[in-house]
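Undergrad: Pasting a predicted model and its sequence here:
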Amino acid sequence: MRLRLRPGRRSLSALLALAVLLGAGCAVLATKERELTFQPVREVSGWFPGLPEDVREFYLPVSAEPGAERLFTWYWPHPDPEAPVLLYLHGVRWNLTAHLRRIENLRSFGFSVLAIDYRGFGKSDGEMPSEEGVYDDAAVAWRWVVAHVPESSKRFVYGHSLGTAVATQLAVGDAARDGLGGLIIEGGFTSLPEMAKALAPSWLPIDWLVTQKFGTIDRIAKVPAPVLIVHGTGDLRVPYRFSEALYAAAREPKRLVLVKGGGHYDTSWVGSAEYRRAIAELFDVPARSADAGAAGAGTRAVAPGVDRGTRVTDAGAAAGSGRGPKAGAVER
């Protein structure tokens, strides 16, 4: 059985394996750490219902060099041509086909959505990802957004799970230079070493073992745009206290939405009402009808050329979550 060091996975065995690898040399350790951190999947997910007919599929080359590796990309335009564009950055697992429902939900909140698979995932070129590699891939996708969305206030970045670190790094780097309407991070953590320390015995030298830092806590105060942080209180992989710490570190304007009963994967629909309201109020993105029904297969196009008070509200049933019939959202 393959051991993996993934956010929220209580894998002490993986940490001990890394400790043993210290004696095998830094290069071996770095390679093994990447294998423990990422879980790229090439195959279509078992719950993928097919691509909606208005989703455009294309590849983005990572450079202008001949034969450059490419990122497999989806662009799902909103019916409203005035809708802002959101860059979707996923976490360490699966590929785009496993993320369709969350992408669909974000589109229903009023965005056109551009989503990529990092190199090594899905149909993208490349092999095992790395921290620097996924940062570079996000920057490639961001350049597409800038080229197609001239109004900086209509450019947004979203990250889920480990993707929150990628999104935040982009928000303080290229996006800060080019102009950014806002940052949305869901189910995130402060840094990968801090996640590991929460799971490991105190004697393990985590700062030596974990070289893939993904240090959101060191960057979030530098984001030059409004920040929305969302987390499910029922998240068993990444405790929501990490998002509380990120919220405390972020500068205004900012908002934290804690979705009662939301898990690591279903928070965007369990708490959709509060999510939608926070987006509208913080970013001034009005609710738009997205005609975002159940996804189904169809004809596929190709892209041309290419601190607050606390409120608790009912957010509906946690469909399929097994956490009881009702869920709610706490907003700060």
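TA: Structure received. Residues are numbered from 1 along each chain as shown.
Undergrad: Could you list which residues are in contact with residue 267?
TA: When contacts are counted by CB atoms under 8 Å, 6 or more residues apart in numbering, residue 267 touches 186, 187, 230, 231, 232, 235, 259, 275. C-beta here means a position set from N, CA and C on the backbone, and glycine is covered the same way.
Undergrad: With residue 115 instead?
TA: Taking CB under 8 Å, 6+ apart, we find residue 115 in contact with 73, 74, 75, 76, 87, 88, 90, 96, 99, 103.
Undergrad: Ok, residue 278 next?
TA: For residue 278, the contacting residues are 228, 230, 255, 257, 331, by CB under 8 Å, 6+ apart.
Undergrad: Can you list the buried residues in the helix or strand harbouring it?
TA: Using DSSP states H and E, residue 278 falls within helix 272-283. By neighbour count with 16 or more other CB atoms under 10 Å, helix 272-283 contains the buried residues 272, 274, 275, 276, 277, 278, 279, 282, 283.
Undergrad: quick revisit: switch the contacts of residue 278 over to CSV; also include secondary structure, distance to residue 142 and pLDDT.
TA: Supplementary listing: those in CSV, determined by DSSP: H, G, I helix; E, B strand; the rest coil; distance: CB to CB, whole Å; pLDDT from 0 to 100:
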residue, secondary structure, distance to residue 142, pLDDT
228, strand, 18, 98
230, strand, 21, 98
255, strand, 23, 98
257, strand, 25, 98
331, strand, 29, 54
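Undergrad: Unless I misread the structure, residue 239 falls within a strand.
TA: No. Applying DSSP: H, G, I helix; E, B strand; the rest coil, one finds residue 239 to be coil, outside a strand.
Undergrad: Apart from its neighbours in sequence, what residue is nearest it?
TA: Counting by CB to CB, 6 or more residues apart in numbering, the nearest residue to residue 239 once its immediate chain neighbours are dropped is residue 198, at 7.4 Å.
Undergrad: any idea which element that neighbour lies in?
TA: Using DSSP H and E, residue 198 falls within helix 192-199.
Undergrad: helices or strands up against that helix?
TA: Contact here means 3 or more CB pairs under 8 Å, 6 or more residues apart in numbering; DSSP states H and E; on that basis helix 192-199 packs against helix 12-21, helix 206-209.
Undergrad: Give me the longest helix you can find in the chain.
TA: Determined from DSSP state H, the single longest helix within the chain is helix 131-148.
Undergrad: Mind giving me the packing neighbours of it?
TA: Going by 3+ CB pairs under 8 Å, 6+ apart, helix 131-148 lies up against strand 56-61, strand 70-76, strand 85-89, strand 112-116, strand 155-160, helix 163-172, helix 174-178.
Undergrad: 6 Å instead, please
TA: If contacts are counted by 3 or more CB pairs under 6 Å, 6 or more residues apart in numbering; DSSP states H and E, helix 131-148 sits against strand 85-89, helix 163-172, helix 174-178.
Undergrad: These: which one's closest to residue 35?
TA: For the helices and strands packed on helix 131-148, the distance to residue 35 is smallest for helix 163-172, at 18.4 Å, taking CB to CB.
Undergrad: which other residues reach the closest one?
TA: 89-91, 134-135, 138, 142, 157, 159, 180, 183, 185, 188, 214, 216, 219-220, 222-223 (CB atoms under 6 Å, 6 or more residues apart in numbering).
Undergrad: Now, of those, which are buried?
TA: Neighbour counting with 16+ other CB under 10 Å marks 89-91, 134-135, 138, 142, 157, 159, 180, 183, 185, 188, 214, 216, 219-220, 223 as buried within the contacts of helix 163-172.
Undergrad: Kindly state the pLDDT recorded for residue 178?
TA: Predicted confidence (pLDDT) for residue 178: 98.
Undergrad: Look up the closest residue to it, ignoring the ones flanking it.
TA: residue 146 (5.0 Å).
Undergrad: Just to check, the one you found is in contact with residue 180?
TA: No. With contacts defined as CB atoms under 6 Å, residue 146 does not count as touching residue 180, sitting 10.0 Å away.
Undergrad: Can you pull the residues that touch both of those two?
TA: Joint contacts of residue 146 and residue 180 (CB under 6 Å, 6+ apart) do not exist.
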